[in-house]
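Trainee: Need a 3D model of the following:
(chains A and B)
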Amino acid sequence: MFDLPPLTHCLIGALLLVIAYRLVRQRYPDIHPFALYHQSSISPIRNSEESAVHRSMLTPFTYPLISGLNIREGHTFRDGDLRDIWDFAKKGKLGVFDKKSGVIEYHDYDTELTPLVQTVASRFNQYVPGISKIGIYLPNSVENVVTSFAAAHYNMAAVLLPLTSDMDELSRYLEITQPELLIFEAGVLDFTQLSLPESVHDLVIVVPSIQDHLEWKDQLDEKVGSSIGVHTWADVVSTESPPKTVVEVPQDEYNGPAIIVPYTTPLGKVESAAFSHRNIVSAVAAQLRAVSHSESFKSTDTVVPVDSIQDMYTRTMFLAALTAGTRVVFSGTTSEGFDFDALRTIVPTIVIASPKSILHVLNYTPGLLINLRLKRASGILAAGNLPWPVLNLFPKLRLIYIHDDQPPRQATIGEDYDNVGSLMSAQLSLLRALLGARVIYTLTHPRIAGPICQTHIYDYRNLGPVRVFGPVVPALEAVVKDIEDLKGGNRQGVLYVRGLPTADKGWVTTNIVGEWGDDGCFRELS
Amino acid sequence: MMVDLTAFQNYYKNVMALAPGVNSGYIPYLNASLGILSVYLVYRTIFPPARPNGQVLNAQQQAKQESQPLVYTKFTPTTLQPFNGVIEERVLMAVKGRVYDVSAGRTFYGPGGPYSNFAGRDASRGLAKGSFDEEMLTPIDMPIDPLDDLNEEEIQALNDWEQHFAGKYLRCGELVEEW
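Mentor: Purely as a prediction, here's the structure:
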């Protein structure tokens, strides 16, 4: 043995070194593969013509589905409502990134925003006595948050109008939701094309600078005629002639709609979904439970909703971030897509985005070094660990929520998609490698608050060109039912869900055709 | 990868010349394999395989073999009868119009068990009366036992039994009349 030549000794030494390095650096996967292949709790019995009921592993059968925030009150627990979310939010901060100056301006809940909520609610009651619906057409801003929470606190419904630039579409949304007051940003609405329904009695303009608010007001006065009152945000929040206070509704009265979201069906029909406090709170609570405590929203996080919080999914995630007492920062952009400069300054740890927004990241410029690093990253992901980011875009980013951004669908098999609105498993894997962050991809529906299904935070599997959405959230249970040739018995069909986050009672059809995989994840069939 | 080995071979010849008596014809092969192994391991350390590893494939295989859910079925006395553990593998039993899958309690309700008479039949009357005899069973071609002649004690006993079944076994269907 010792008669071996020195080169052999060197080689043996090198080999032992490599083996030792591998042993020392060996990492366990973030989650055991067994758990990745058992992501749903499946009922042992099913009805004919449908699949077994699938639930989250967190709420197996014999356990109740998540109904609310479980707020302790003496010896009992209650579900809570949006007012409780506001109280939780006081632990955190609300910031707005100002693009011109490049700084984040923080707003304090106790001294600034809470009094503002009261003032706004009182003023709106003064403008339109007995107001019940407030139409909101605002980008992500303090005004948007304050107005919607003013509605939540004083028994009004906030109508979240999608930020469309098509005035005919907006007219239809206004027609179906019938708000009594409309609040919008100066210069975004074209009143020559927009037809206001008769229910609208007052308009409130949010003017960027105080100096020219009279100018805007005069312009608008001419256009809408005298039957409709016109005010500016400055009028609303002014401390002169303080409005008479409105009475806060008692704790247990939260059955009316809190948020109304209009949307267009694939057939071109305009519908609206009304969510009660219970619907929203259960969806928010499910979000906080669905991800393990160590990875969920924490008070140290900086959360940036890149998309508009007028969208119900983004709104639910925003509310979940508020509930966890995080620092929420609005990036101050209305256009779609990452504003890289803004995000570099904000340094987010969690981003809530749509596939369109992150398309810029996926369209990276490949190079030899990047390709090699991607090869290494994909290997690390396959072993069940998170790699270092390949593109050093956001140093602290740890989690991205992406929702499937398809318009509501019709139940047909093999539907055509524009590829922009949704991402394949392979693309999500690429995104994890590029950003070195965990990705949660979710399936949404306009009649359901929050997502229906979402991928597991530790699920890094690259399943190729399929749209995989993961198991159902813990507030819902789901089945697929027979359609055409697809049989529920084979776990294929149209997705139906039941639970508190749905705007309707009982089983709700989502018109999404898909199947349950062996791993308990819902995947779309195409 | 082509490696010119002549330099190495010359080197070994020298080494062997210095240490006579050692049979070292295998040394070049040993070195080559050690080298290849080290290079491969270094490569795999930098670029781990992107294919799912054995543990993942195992889990995947296991998930494929999970048992399928049963279908909730409406049984008639005739269609229920084969489920006695002999004709059909599963053992079913009806209590108060509800059919339970008692396959897990095969030693009691299956063939040869003390309650085997009840397998594939409506066991309500027998359970109520605390008797496991053949005469407690309603014949297959007769209508389902309405159970309206039971006294209070027997109803209580039957309800207890039903609770026992509901807690322990899977309810997989219901018993309905044939016509």
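Trainee: going forward, measure contacts between C-alpha atoms and count neighbours the same way
Mentor: OK.
Trainee: got the residue ranges for the helices in the chain?
Mentor: Reading this off chain A. A:6-25, A:33-36, A:82-89, A:114-127, A:142-153, A:167-177, A:213-224, A:233-237, A:277-290, A:312-323, A:340-346, A:355-362, A:368-382, A:425-435 (DSSP state H).
Trainee: wrong one, chain B
Mentor: B:6-18, B:27-46, B:54-64, B:77-80, B:106-109, B:124-129, B:152-168.
Trainee: rewinding a little: please convert the helices of chain A to a markdown table, extending it with mean neighbour count and distance to A:Thr76.
Mentor: Shown next, in a markdown table, are the helices of chain A (neighbours: other CA atoms under 10 Å in any protein chain shown; distance: least, CA to CA, whole Å):
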| stretch | mean neighbour count | distance to A:Thr76 |
| --- | --- | --- |
| helix A:6-25 | 14 | 48 |
| helix A:33-36 | 19 | 33 |
| helix A:82-89 | 19 | 16 |
| helix A:114-127 | 21 | 27 |
| helix A:142-153 | 23 | 23 |
| helix A:167-177 | 19 | 37 |
| helix A:213-224 | 14 | 50 |
| helix A:233-237 | 18 | 38 |
| helix A:277-290 | 26 | 17 |
| helix A:312-323 | 25 | 20 |
| helix A:340-346 | 16 | 40 |
| helix A:355-362 | 18 | 42 |
| helix A:368-382 | 20 | 44 |
| helix A:425-435 | 22 | 42 |
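Trainee: weakest of the ones you listed by average pLDDT?
Mentor: Lowest mean pLDDT within these: helix A:213-224, a mean of 72.
Trainee: Touching that helix from outside, list them.
Mentor: A:Ala186, A:Phe191, A:Thr192, A:Ile205, A:Val207, A:Val230, A:His231, A:Thr232, A:Ala234 (CA atoms under 8 Å, 6 or more residues apart in numbering or on different chains).
Trainee: tell me the domain ranges of chain B?
Mentor: Taking automatic domain parsing as the domain assignment, the ranges for chain B are B:1-17+B:24-51, B:73-175.
Trainee: Against A:Leu65, how distant is B:Ile46?
Mentor: 45 Å (CA to CA, to the nearest Å).
Trainee: likewise A:Asn155?
Mentor: 27 Å.
Trainee: Sort out for me which of the contacts of helix A:213-224 are in strands.
Mentor: Among the contacts of helix A:213-224, the members falling in strands (DSSP state E) are A:Ile205, A:Val230, A:His231, A:Thr232.
Trainee: got a pLDDT number for the residue nearest to the first one when sequence neighbours are not counted?
Mentor: Meaning A:Ile205. In this structure, A:Ile205 finds its nearest non-sequential neighbour in A:Thr232, 4.6 Å apart by CA to CA, 6 or more residues apart in numbering or on different chains. At A:Thr232, the model reports a pLDDT of 87.
Trainee: Export the helices of chain B as JSON lines, with columns for distance to chain A and mean pLDDT.
Mentor: JSON lines is the format used below for the helices of chain B (distance: least, CA to the nearest CA, whole Å; pLDDT from 0 to 100):
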{"stretch": "helix B:6-18", "distance to chain A": "7", "mean pLDDT": "68"}
{"stretch": "helix B:27-46", "distance to chain A": "5", "mean pLDDT": "92"}
{"stretch": "helix B:54-64", "distance to chain A": "5", "mean pLDDT": "90"}
{"stretch": "helix B:77-80", "distance to chain A": "17", "mean pLDDT": "90"}
{"stretch": "helix B:106-109", "distance to chain A": "18", "mean pLDDT": "89"}
{"stretch": "helix B:124-129", "distance to chain A": "23", "mean pLDDT": "89"}
{"stretch": "helix B:152-168", "distance to chain A": "11", "mean pLDDT": "91"}
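Trainee: tell me the contacts of the closest residue to chain B within chain A?
Mentor: The minimum distance from chain A to chain B, using CA to the nearest CA, falls at A:Gly379 (4.1 Å). Counting by CA under 8 Å, 6+ apart, A:Gly379 makes contact with B:Phe47, B:Pro48, B:Pro49, B:Ala50, B:Arg51.
Trainee: Please repeat the previous calculation with a cut-off of 6 Å.
Mentor: A:Gly379 is in contact with B:Pro48, B:Pro49, B:Ala50, counting by CA atoms under 6 Å, 6 or more residues apart in numbering or on different chains.
Trainee: Do I have it right that the last one meets A:Ala382?
Mentor: Think B:Ala50. Yes. Using CA atoms under 6 Å, B:Ala50 is in contact with A:Ala382, at 5.3 Å.
Trainee: where in chain A is pLDDT low?
Mentor: A:1-2, A:209-214, A:225-226, A:241-254, A:333-338, A:406-421 (pLDDT under 70).
Trainee: what's the distance between A:Thr119 and A:Ile85?
Mentor: 19 Å.
Trainee: Okay, domains of chain A per the record?
Mentor: If you go by automatic domain parsing, chain A breaks into A:38-71+A:279-524, A:106-253.
Trainee: Pick the most buried one from the ones you listed.
Mentor: Highest mean neighbour count of the domains of chain A: domain A:38-71+A:279-524, a mean of 21 (counted as mean count of other CA atoms under 10 Å in any protein chain shown).
Trainee: can you give me how far that one is from the chain middle?
Mentor: Distance of domain A:38-71+A:279-524 from the chain centroid (CA atoms, centre = their mean, to the nearest Å) equals 9 Å.
Trainee: end-to-end on it?
Mentor: Note: domain A:38-71+A:279-524 ends 18 Å apart using CA to CA.
Trainee: Just give me the residue right at the centre of chain A.
Mentor: A:Thr314 (2.7 Å; CA atoms, centre = their mean).
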